[in-house]
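1. Here's my sequence, what's the structure:
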Amino acid sequence: MKNENPIFFSFNNDYVVPAAVAFHTLLYYAKTDIVYKMFVLHSDISEYNQDLLFNIVNKHKNAELEFIDVKGFLRQEWDRGNFEGLEKNLRKFTPDAIVKCFAARFFPQFDKIIYSDVDVVFMDDISELSDLDLENQYIGAVKNAFIKNDPDELSHFSKENCDKFRDTYFAGGIWVMNLDKIRRDNLEEKMIEIVNDDNIAKKWPDQDVMNIACDNKVKYISLRYISYPYLMDVISKEGFQSHYAQEELLESLYKPKILHYAAWKPWKHRETKKADVWWDIFAELGLEKTRIFKKFDYNKLSLKNKIRYRVWRYSENILKEKGVI
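-> Next comes the predicted model:
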């Protein structure tokens, strides 16, 4: 009998191509006895793009895909909410960024579900997350790797919240949500209050809302589930600090479960470390560039970025030769 694993995503029409890469790699690495029940929460994905994603999923024959239109959900709250520094015409986030926090209402048939971003490449099977024992916790997530090093990461929080979450703040990217406990404790009502509270600035919409609502009732999972391609550059800087030991940081780089292009997107920054991994899959799937893509022109890079790009390529080739990646 196949093991069914529910997983959902939340993105808009612009992110369909990254989603195609994510979906393909999730299913490519799935174990033979695993079937993923995949859902997309969205408000504007076209029929054409839905068909594109259906075709990719159907080729693997180990998943089902369903689109759920959430158009209008939290639209008013989003427009008037205190999302710090996100001017109306400059936002890099959309209402889809916080819809994911309210999975309990969209998936009444499940007591637990995995959530994943789509700016990722899966590098291994992740079905073990479905068996994660969350005990009395609301969520399973990855602890932020950079807060100890960056004093500005939570500078938008009040002193009380900053002190409370300085050592416990978890990242987005991948969550295992305890929907049963979220419902029993009526956590969504608390989330709505946080969204509506102008005294709470929300710089990282989904992360801030979920961290404050969960109030440290979180079970931490390995940093390997959010392997940041640029991490090596960060940890090599003098004085770098992290809640993670050096061994754990390096393990996430060399044995990643998921590559997460959290800051530098390969379709926008071709020089991004491990961008080739993403572009190889893009080419294999025969995908087309869309408006989110930025043309990469090596000759227009600054001298500093040219050097960085060459060093990254050289380092990756060495690691590939040694079988590390």
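
2. just checking, next helix/strand downstream of the helix or strand of the chain at the bottom of the mean pLDDT ranking?
-> Least confident helix or strand, the chain: helix 75-80 with a mean of 54, by mean pLDDT, DSSP states H and E. Going down the chain from helix 75-80, the next helix or strand is helix 96-99, by DSSP states H and E.

3. Mind listing what's buried along the next helix-or-strand element following that next one?
-> The first helix or strand that comes after helix 96-99 along the chain, using DSSP H and E, is helix 103-106. Residues of helix 103-106 classed as buried by neighbour count (16 or more other Cβ atoms under 10 Å): 103-104, 106. Bear in mind the C-beta positions are built from the backbone N, C-alpha and C, glycine included.

4. can I have helix 103-106 written out in CSV, keeping just the CAs?
-> In CSV, the C-alpha atoms belonging to helix 103-106 read as follows (Å, rounded to 0.1, in the frame of the first residue of the first chain):
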residue,chain,number,x,y,z
ALA,A,103,-4.0,25.9,6.4
ALA,A,104,-6.3,24.5,9.1
ARG,A,105,-9.4,26.0,7.5
PHE,A,106,-8.5,24.9,3.9
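
5. who's in contact with it?
-> 8, 39, 41, 68, 70, 113, 115, 177, 179, 182-183, 187-188 (Cβ atoms under 8 Å, 6 or more residues apart in numbering).

6. who wins for neighbours among the residues you listed?
-> Met177 (27 neighbours; other Cβ atoms under 10 Å).

7. could you point out which element follows the helix or strand harbouring it?
-> Under the criterion of DSSP H and E, Met177 resides in strand 170-178. Downstream of strand 170-178, the first helix or strand assigned by DSSP H and E is helix 179-184.

8. Any idea how far that next one is from the middle of the chain?
-> Relative to its parent chain, helix 179-184 has a centroid offset of 22 Å by Cα atoms, centre = their mean, to the nearest Å.

9. and that helix, what does it pack onto?
-> Secondary-structure packing of helix 179-184 (3 or more Cβ pairs under 8 Å, 6 or more residues apart in numbering; DSSP states H and E): helix 103-106, strand 112-116.
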